[in-house]
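Asker: predicted model follows, preceded by the sequence.
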Amino acid sequence: MTAQMQDAAVIDGRSVADSVVETVKQAAEELKQQTGVIPGIAVVIVGEDPASKVYVASKGKKAKECGFHSVQHTLADSTSEADLLALVEELNDDPQIHGILVQLPLPGHIDDGRVIQAINPQKDVDGFHVINAGKLTTGEVETAFVPCTPAGSTLLIERVRGKDLSGLNAVVVGRSNIVGKPMASLLLAANATVTVAHSRTPDLPAACRNADILVAAVGRPEMIKGDWVKPGATIIDVGINRIAAPERGEGKTRLVGDVAYGECAKVAGAITPVPGGVGPMTIAMLMANTLVSAYRHAGRTPPNF
Ligand SMILES: Nc1nc(=O)c2c([nH]1)NC[C@@H]1CN(c3ccc(C(=O)N[C@@H](CCC(=O)O)C(=O)O)cc3)C=[N+]21
């Protein structure tokens, strides 16, 4: 008789996110009691992309839950870059606002980079400003903001593997400034041996098979297959792709990750689901970064996450 392989443990991002939000909520209350400072976040959305509107609404809801001051600026698709930059300046100068998030992507006539670099790095809770990106790669994280998705993914990896990843191979598939590159920096800081693979990597399946920790952030539905996975690996699926689901009825859709979940779960040791994995952690870490910003502003030491 052959031993039946056990399916991977499911990493419950919603529950870890809830515990982060609980810490944020309590720390926000404490800060308010001690200093009168209420953490404030501004979310800016340009245009009418329906998926973006859903994310922005859930950020606003979570901020309220944390007891934050939360404002949303919804600008028309036709807004000029100059007008958006003027709004960013206004938010940079607003003492009630500790975190600014400009939802990406922006309409084609606006340069994302210019807008991001206009945000005061001390309010850049997305961690996308070059100052924050530079501090992360040089290990100066005490005064930086780490991008929310990689920061949240790191907390999930810690739950499974602990904080010290010495001796483990980590493979990050995807090299974006928002996820792949900062994720690689965080894994390196945790002593993993890190490979960043991408669309030009010659034998991507072989590269993935080396991974004790596999982070998929490519934005291609179910691209990572079961036979790319090292037995026992920890899989973090950053992808959130909406695909057609005719089996649910005409015109229906469902969310899938960058990982072919069913087949990979048969091989992996632990895996994040989509939805309910990295997505909720991203929002929780946005709250954590905003809290940290408010603590720094008040000259207090923020809690650790
Ligand atoms: N400046 C900027 N910062 C961002 O952080 C940012 C952005 N722009 N643009 C868009 C992406 C996307 N994003 C998500 C966050 C949470 C979920 C999330 O919570 N997803 C749920 C499911 C949501 C659903 O059902 O659609 C889950 O995975 O369980 C998804 C996507 C943040 N983004």
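Answerer: Sure, I can see it. Residues are numbered from 1 along each chain as shown.
Asker: which helix is the longest one in the chain?
Answerer: helix 13-35 (DSSP state H).
Asker: please save the CA atoms from the helix or strand following that helix in CSV.
Answerer: Next along the chain after helix 13-35, taking DSSP states H and E as the criterion, comes strand 40-46. C-alpha atoms of strand 40-46 as CSV (Å, rounded to 0.1, in the frame of the first residue of the first chain):
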residue,chain,number,x,y,z
GLY,A,40,-5.6,59.4,8.9
ILE,A,41,-5.6,57.8,5.5
ALA,A,42,-6.4,59.3,2.1
VAL,A,43,-7.2,57.0,-0.8
VAL,A,44,-7.2,58.6,-4.3
ILE,A,45,-8.9,56.9,-7.2
VAL,A,46,-8.9,58.2,-10.8
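Asker: which helix or strand lies directly C-terminal to strand 40-46?
Answerer: helix 50-65.
Asker: interface residues of the stretch 151-300 of the chain facing the ligand?
Answerer: Ile240, Leu255, Val274, Pro275, Gly276, Gly279, Pro280, Thr282, Ile283 (CB under 6 Å from any ligand atom). Placement of C-beta: from N, CA and C, glycine included.
Asker: buried among those? Need that as a selection in PyMOL.
Answerer: Those of those that count as buried under 16 or more other CB atoms under 10 Å are selected in PyMOL with:
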select buried, resi 240+255+274+276+279+280+282+283
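Asker: on that earlier part again, can you check what angle separates the longest helix of the chain from helix 50-65?
Answerer: 50 degrees (axes from the mean of the first three to the mean of the last three CA atoms, to 10 degrees).
Asker: show me what helix 13-35 is packed up against.
Answerer: Counting contacts by 3 or more CB pairs under 8 Å, 6 or more residues apart in numbering; DSSP states H and E, helix 13-35 packs against helix 50-65, helix 148-161, helix 278-297.
Asker: averaged pLDDT, the longest one. What do you get?
Answerer: pLDDT averaged over helix 278-297 equals 98, rounded to a whole number.
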